[in-house]
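J.: just the structure for this:
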Amino acid sequence: MARLLVVDDDPDARRLIGLVLRRAGHDILYAEDGFQALEVMGRERPDLIILDLMMPGMDGFEVLEAMRQRTDLRGLPVIVLTAKAQVAPTAEQKRLDVQAYLTKPVSAETLVQTVQETLKATRPLLAPGGQALEIAGGESWPGSAGELLISALAAALAVHAPTFLVDVEGVGRGAMIFNAEPRITSEDLGVGRDPAEGLIPIQERLQVWSVYGRPSATIVQSVAEWLAPQAGFLVWMVGDPTGSVAAQIFPRCQRIFITFESHGPGMRRARVVLRHLEELGLRSPQVWPIWVRRWAVPELWTETEIQNRLGGVPIRVWPVDPVTAHRALQEGRPLQEIEPESPTAHRIWEWAKEILELAKERRSP
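T.: Numbering: from 1, shown residues only. Now for the predicted structure:
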């Protein structure tokens, strides 16, 4: 059974659609216009939206646009069910970026089958009781925006499944980046305080575990064993990628993001880090070197030249506007919420999508 939201301004259509889907075993919510639909989505978090396009006031097109602007709604799957006939429904589905596009009238069998197929494809990737897919982020040079990247990725993944951002740097940045402060210290943990006290809820599916003081290897291991079965994604904020804690965490992770900048010291340090990780048996594609390309800073080298200076290791580019980064820190929000249509945000969603595909591969028998 799933919780479905039917959005249609025609009361007869709402009742008929609801009757068909209730008979299929689903719990049904209703909205008679776009404004009410957004309010219900935010409050009830339905598993799937059945959306009419042609409605007075706020139509379905505007609802879809509003959902894309909100991090808490962006990941909700949508089936369009409309009397607005299209010559090519598949092309319209792709244009609107929805999971399915149906035109009225539609048979009960087609509607139920489409709902079932959509739910199967879009349900959370890993349910509690399984084992989280783990990723990690470290900085090869202080200030290379590793904490901004890994916190933004955690928020993007939380749209799809429960996610923990686990900060083991020891200075509390995991909490502070979301305008919070750690609730516990490594000394508290050392004398037996419950690690659960370190959790801070940030969004509906995102929690941060953050402490003051670098926790011991034993504590890190116990926190990992405690959190991993509870979420879809475990996202580690490590900081120094050459330390003992990183050496313990990185082998657990399917992807390791290492941020670096293209000035001389940053490049030299990046080479040291990559050599260190290779000695641990960690290399591409598990390791992703991320060149943080700041828009306001003139670059001495091209992407190809930077890759060559790192020994030919494949790199990825993250274009970051310093003004947007500053606003994210000031407001305690992920970068993609500050400028949703920016290249910075698009790259976050692109990498999150790759991680989601990796999670689907892990689930496949």
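J.: how about the secondary structure of Leu102?
T.: The local conformation at Leu102, judged by DSSP: H, G, I helix; E, B strand; the rest coil, is strand.
J.: bridged to it, which residues?
T.: Leu81 (DSSP bridges).
J.: test my guess that it contacts Leu111.
T.: Yes. Counting by C-beta atoms under 8 Å, Leu111 is a contact partner of Leu102 at 6.9 Å. Just so you know, the C-beta spots here come from the backbone N, C-alpha and C atoms, and that holds for glycine as well.
J.: and for the two, which residues touch both?
T.: Taking C-beta atoms under 8 Å, 6 or more residues apart in numbering as the criterion, Leu102 and Leu111 both touch Leu81.
J.: can I see the domain layout of this structure?
T.: 3-122, 133-363 (automatic domain parsing).
J.: and Arg95, what helix or strand is that in?
T.: Element membership of Arg95, judged by DSSP states H and E, is helix 89-96.
J.: and Ala13, by the same measure?
T.: Using DSSP H and E, Ala13 falls in helix 11-23.
J.: list the helices and strands that helix packs on?
T.: Packing contacts for helix 11-23, counted by 3 or more C-beta pairs under 8 Å, 6 or more residues apart in numbering; DSSP states H and E, involve strand 3-7, strand 27-31, helix 108-122.
J.: pick the most buried one from those.
T.: strand 3-7 (a mean of 22; mean count of other C-beta atoms under 10 Å).
J.: what is that strand packed up against?
T.: Against strand 3-7 (3+ C-beta pairs under 8 Å, 6+ apart) you get helix 11-23, strand 27-31, helix 34-44, strand 48-51.
J.: any weak-confidence spans in the stretch 251-365 of the chain?
T.: Along the stretch 251-365 of the chain, segments meeting pLDDT under 70 span 363-365.
J.: spell out the residue ranges of the strands in it.
T.: Using DSSP state E, counting those that start in this stretch, the strands of the stretch 251-365 of the chain run over 255-260, 287-294, 316-320.
J.: I'd like the ones you listed laid out as TSV, including distance to Gly332 and mean neighbour count.
T.: TSV is the format used below for the strands of the stretch 251-365 of the chain (distance: least, C-beta to C-beta, whole Å; neighbours: other C-beta atoms under 10 Å):
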stretch	distance to Gly332	mean neighbour count
strand 255-260	20	25
strand 287-294	20	21
strand 316-320	17	18
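J.: export stretch 351-361 as CSV, just CAs?
T.: The C-alpha trace of stretch 351-361 is given here as CSV (Å, rounded to 0.1, in the frame of the first residue of the first chain):
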residue,chain,number,x,y,z
TRP,A,351,26.6,13.4,-9.1
ALA,A,352,23.7,12.5,-6.8
LYS,A,353,22.0,10.8,-9.7
GLU,A,354,25.1,8.8,-10.4
ILE,A,355,25.1,7.7,-6.8
LEU,A,356,21.4,6.7,-7.0
GLU,A,357,22.2,4.6,-10.0
LEU,A,358,25.0,2.9,-8.1
ALA,A,359,22.5,2.2,-5.2
LYS,A,360,20.1,0.6,-7.7
GLU,A,361,22.9,-1.6,-9.1
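J.: now it: buried residues?
T.: Judged by neighbour count (16 or more other C-beta atoms under 10 Å), stretch 351-361 contains these buried residues: 351-352, 355-356, 358-359.
J.: ok, which stretches of the stretch 251-365 of the chain are helices?
T.: With DSSP state H, counting those that start in this stretch as the criterion, the stretch 251-365 of the chain has helices at 264-279, 303-309, 322-331, 335-338, 343-363.
J.: elements contacting the last one?
T.: Counting contacts by 3+ C-beta pairs under 8 Å, 6+ apart, helix 343-363 packs against strand 133-139, helix 146-158, strand 316-320, helix 335-338.
J.: figure out which of these is closest to Leu29.
T.: helix 146-158 (22.3 Å; C-beta to C-beta).
J.: mind checking how far that closest one is from the chain centre?
T.: Mean-position distance between helix 146-158 and its chain equals 7 Å (C-alpha atoms, centre = their mean, to the nearest Å).
J.: ditto for stretch 290-309
T.: 26 Å.
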